[in-house]
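okay, predicted coordinates and the sequence, questions at the end:
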Amino acid sequence: MTAVAEPPLRVLVVDDEPPVAELLSMALRHEGWEVRGAADGAGAVRAAREFRPDAVVLDAVLPDMDGLAALAGLRRELPGIRAVFLAAAASGSARVAGLTAGGDDCVTKPFRLEDVVARLRGVVRRSGAGPAGAAALVVGDLVLDEDGREAVRGGVPVHLTATEFELLRFLMRHPGRVLSKAQILDRVWSYDFGGHANVVELYISYLRRKIDAGREPMIHTRRGAGYLIKPAGQGTRTGAGAGAAAGAGV
């Protein structure tokens with residue numbers, strides 16, 4: 001079984017508002033990237049010397065300097081670092097254009113976390129550096145294209161909803177590892193989900209119908225522990241009944 005071969009993208013988040021920095025960091029870690037934080041320009045340069053990030057997401061206005069000055073300091077340490085700025089909409093189109101000219105892209109506030117992740121993926125992919133342009137996750141005969149958001153098993157396309165895709169991606173990033181319901185809730189439904197753990201069972205059953213129906217199963221249950229994915233033929237599903245239909249019982 002294989003996953004993306006390249007090491008994870010390293011991202012530095014620079015923002016002096018702790019709630020914003022925390023949300024950004026959580027969203028980026030959800031992508032499987034390594035994340036460090038800094039609250040000002042000087043702290044960003046110090047962090048860059050140790051962490052050696054591939055990319056930076058930074059506020060246009062920091063307590064000790066503006067974002068362009070902070071980026072200049074970062075690029076003295078790491079000339080190839082890619083940058084996505086966060087700028088207030090009130091900054092105006094000219095200001096945003098200027099930031100983009102100094103960096104690689106710019107997202108205006110308020111923003112969606114998904115937009116920042118997508119912009120970051122885009123600038124790293126266009127630069128040809130780092131793992132953000134990596135092709136796919138592969139487990140057995142199942143292939144997941146993270147950028148194209150497409151799944152194929154045995155050459156046959158598998159059509160997934162957005163939540164099914166995120167659940168499958170999390171499983172495939174940890175092939176052969178048992179993931180608990182709590183871990184899955186935290187990573188797939190994220191920090192703002194207030195529902196119940198049975199939603200995991202429901203979506204596991206959806207995935208089984210699409211991934212395992214009519215095939216040797218890849219998604220397995222470990223009673224009282226959680227779920228895992230592994231190539232077909234490597235053992236039977238524990239506690240779920242080997243003879244059960246793929247969509248039945250989780």
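Ah, there it is.

which SS class is Asp147?
Using DSSP: H, G, I helix; E, B strand; the rest coil, the structure places Asp147 in coil.

going by residue numbers, what spans are strands in this protein?
Along the chain, counting by DSSP state E, strands occupy 10-14, 34-38, 55-59, 82-88, 105-109, 137-139, 142-145, 150-153, 156-158, 219-222, 226-229.

now the last one: average pLDDT?
Confidence over strand 226-229, taken as the mean pLDDT, stands at 95.

can I get the CA coordinates of that strand in PDB?
C-alpha atoms of strand 226-229 as PDB (Å, rounded to 0.1, in the frame of the first residue of the first chain):
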ATOM      1  CA  GLY A 226     -12.700   2.100  15.000                       C
ATOM      2  CA  TYR A 227     -12.200   1.600  11.300                       C
ATOM      3  CA  LEU A 228      -9.400   1.100   8.900                       C
ATOM      4  CA  ILE A 229      -8.700   0.700   5.200                       C
END
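
hmm, who's touching it?
139, 142, 168, 171-172, 174-181, 183-184, 200, 204, 218-222, 250 (Cβ atoms under 8 Å, 6 or more residues apart in numbering). Just so you know, the C-beta spots here come from the backbone N, C-alpha and C atoms, and that holds for glycine as well.

make a ChimeraX selection of the buried ones in the residues you listed.
Of the contacts of strand 226-229, the buried ones can be selected in ChimeraX as follows, counting by 16 or more other Cβ atoms under 10 Å:
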select :139,142,168,171,172,174,175,179,181,183,184,200,204,218,219,220,221,250
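
in helices, which of the contacts of strand 226-229 appear?
Leu168, Leu171, Met172, Lys181, Gln183, Ile184, Val200, Ile204 (DSSP state H).

need the per-residue pLDDT for the second one.
Going back to what we said before, that points to Leu171. The model's pLDDT for Leu171 equals 92.

ok, back up a step: any chance of the strands of the chain in a markdown table with distance to Leu23 as columns?
Shown next, in a markdown table, are the strands of the chain (distance: least, Cβ to Cβ, whole Å):
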| stretch | distance to Leu23 |
| --- | --- |
| strand 10-14 | 10 |
| strand 34-38 | 11 |
| strand 55-59 | 11 |
| strand 82-88 | 12 |
| strand 105-109 | 12 |
| strand 137-139 | 25 |
| strand 142-145 | 25 |
| strand 150-153 | 28 |
| strand 156-158 | 31 |
| strand 219-222 | 30 |
| strand 226-229 | 26 |
